[in-house]
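Undergrad: Predicted model, plus sequence, below.
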Amino acid sequence: MTAQAQQQAPATPAPNLTSSAQPDQLSPGSIGGTVVDETGAVVVGARVKLTRPDGSSAQELVSDEGGLFLFANVPPGDFEIKISAGGFTEQLISGSLHPGEIYTAPPVTLALAAVNTEIQVRPQSEIAEEQIKEQEKQRVLGVVPNFYVSYLANPVSLNAKQKFEIAWKTAIDPVTFALSGLVAGVEQAQGAFGGYGQGAQGYAKRFGAAYSDTMISTFIGSALLPSLFRQDPRYFYKGTGSVRSRFWYALASAVMCKGDNQRWQPNYSAILGGLAGAGISNLYYPARDRGAALVFENVAIGTGTTAAVNLLQEFVVKKLTPHASH
């Protein structure tokens, strides 16, 4: 062959190394691992998100019952995994996946997230005021005020202002006037306190005396003296235990009470309040009905009435009170 022929002969093409290596370079792999907490216990249901720097091929799953996660068919290249779970701080891991590689990440440990606890301290007087507002909704059969009973398990003690507040609400309640009128009517029908006479004038005097008895005993025995002796004038519903224990509890509460320090003590407020109220009543009852006998009679009647009312409170009244506080 001549030199000219050799020059015209086509050259043999070189092998394409890039195209023969491309299938291996694109072969997908997998990425797996385990999510645990600081004690080494597995974290079930952790959110695991796989992303690429270019934002492509994002995948997301949750860790299984063994805390495991596994991403299959992951293209090779750089990656980032974000792991999060409720109550734990977020963790990030990153790496590079080679073609066909089965990549096992080191155990991912989630640390407990910092918890911000906010404690709101409220004055006891503010809490007691809320409880009073609930008590003032308590009416037997929706009508008769039942303000001096607490159905709460741990009621807050009242301050002096709040004791006078309940006394005032009781004294001006329409039902209080109505009951005083009823007592006056019964007394006039029976001819009690004859010095008052009969007719409208006699009824007015009896009504004034009955209402004054209620108002004075309420303000002295349930507000003034409880403030001085630091005692709570309310009846605290028991509601649990045997019938016998609740029976004796109700009777004892006529002469015992809770102090503002939450300790049981003799009810000086009620006893002395009854004596003071009965003594003051000597100023407006007919002259022939006055004296020490009237004072002690009124105190005895008042104490007995309180005991009877307490029994009704313990076993009957709550069922008849639609808005009993809880």
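TA: Perfect, I can see it now. Numbers count the residues shown, from 1 in each chain.
Undergrad: Quick one: the helices in the stretch 51-200 of the chain, in order.
TA: Secondary structure of the stretch 51-200 of the chain (DSSP state H, counting those that start in this stretch): helices located at 124-135, 160-171, 174-190, 199-219.
Undergrad: Just put the ones you listed in a markdown table and tack on distance to S227.
TA: The C-beta positions use only the backbone N, C-alpha and C, and glycine is treated the same way. Compiled in a markdown table, the helices of the stretch 51-200 of the chain are given as follows (distance: least, Cβ to Cβ, whole Å):
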| stretch | distance to S227 |
| --- | --- |
| helix 124-135 | 14 |
| helix 160-171 | 4 |
| helix 174-190 | 21 |
| helix 199-219 | 11 |
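Undergrad: mind putting these in a markdown table, mean neighbour count and mean pLDDT included?
TA: Shown next, in a markdown table, are these (neighbours: other Cβ atoms under 10 Å; pLDDT from 0 to 100):
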| stretch | mean neighbour count | mean pLDDT |
| --- | --- | --- |
| helix 124-135 | 15 | 90 |
| helix 160-171 | 18 | 95 |
| helix 174-190 | 15 | 94 |
| helix 199-219 | 17 | 93 |
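Undergrad: Tell me which of the ones you listed lies nearest to E101.
TA: Each of the helices of the stretch 51-200 of the chain was checked against E101 via Cβ to Cβ, and the shortest separation belongs to helix 124-135, namely 64.3 Å.
Undergrad: Just the C-alpha atoms of the closest one, please, in CSV.
TA: Once non-C-alpha atoms are left out, helix 124-135 reads as follows in CSV (Å, rounded to 0.1, in the frame of the first residue of the first chain):
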residue,chain,number,x,y,z
GLN,A,124,-55.9,33.7,97.4
SER,A,125,-58.4,36.6,97.6
GLU,A,126,-58.8,36.5,93.9
ILE,A,127,-59.5,32.8,93.9
ALA,A,128,-61.9,33.1,96.8
GLU,A,129,-63.8,35.9,95.0
GLU,A,130,-64.4,33.5,92.0
GLN,A,131,-65.7,30.9,94.4
ILE,A,132,-68.0,33.4,96.1
LYS,A,133,-69.5,34.3,92.7
GLU,A,134,-70.3,30.7,92.1
GLN,A,135,-71.8,30.4,95.7
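Undergrad: I'd like to check the angle between it and helix 160-171, please.
TA: Here helix 124-135 runs at an angle of 10 degrees relative to helix 160-171 (axes from the mean of the first three to the mean of the last three Cα atoms, to 10 degrees).
Undergrad: What is helix 124-135 packed up against?
TA: Where contact means 3 or more Cβ pairs under 8 Å, 6 or more residues apart in numbering; DSSP states H and E, helix 124-135 is packed against strand 149-150, helix 160-171.
Undergrad: Break down the stretch 201-326 of the chain into its strands, ranges please.
TA: Residue ranges of the strands in the stretch 201-326 of the chain, as given by DSSP state E, counting those that start in this stretch, are 235-236, 256-258, 264-266.
Undergrad: neighbouring contacts of the last one?
TA: So that's strand 264-266. Contacts of strand 264-266 from elsewhere in the structure, counted by Cβ atoms under 8 Å, 6 or more residues apart in numbering, are 231, 255-259.
Undergrad: sorry, back to before: can I get the strands of the stretch 201-326 of the chain in TSV with mean pLDDT and distance to S84?
TA: What follows is the strands of the stretch 201-326 of the chain, written out as TSV (pLDDT from 0 to 100; distance: least, Cβ to Cβ, whole Å):
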stretch	mean pLDDT	distance to S84
strand 235-236	95	50
strand 256-258	94	52
strand 264-266	95	55
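Undergrad: And the ones you listed: which comes nearest A58?
TA: Closest approach to A58 among the strands of the stretch 201-326 of the chain (Cβ to Cβ): strand 235-236, 63.1 Å.
Undergrad: picking that back up, which among the contacts of strand 264-266 gets closest to H323?
TA: When these are compared for distance to H323, the smallest value, 22.8 Å, is given by K258; criterion: Cβ to Cβ.
Undergrad: give the contact list for Q91.
TA: Q91 makes contacts with 82-84, 108-110, as judged by Cβ under 8 Å, 6+ apart.
Undergrad: hang on, the earlier thing: possible to save the helices and strands packed on helix 124-135 as a markdown table with distance to A200?
TA: Formatted as a markdown table, the entries for the helices and strands packed on helix 124-135 read as follows, by distance: least, Cβ to Cβ, whole Å:
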| stretch | distance to A200 |
| --- | --- |
| strand 149-150 | 36 |
| helix 160-171 | 24 |
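Undergrad: and L225, which of these is closest to it?
TA: Of these, nearest to L225 by Cβ to Cβ is helix 160-171, at 9.6 Å.
Undergrad: Pick out the most distant pair among the contacts of Q91.
TA: With Cβ to Cβ as the measure, no two of the contacts of Q91 lie farther apart than K82 and T109, at 14.6 Å.
Undergrad: Please, which helix or strand holds the residue lying closest to F71 once chain neighbours are set aside?
TA: Using Cβ to Cβ, 6 or more residues apart in numbering and skipping the chain neighbours, the partner closest in space to F71 is I31 (4.6 Å). In this assignment (DSSP states H and E), I31 forms part of strand 29-37.
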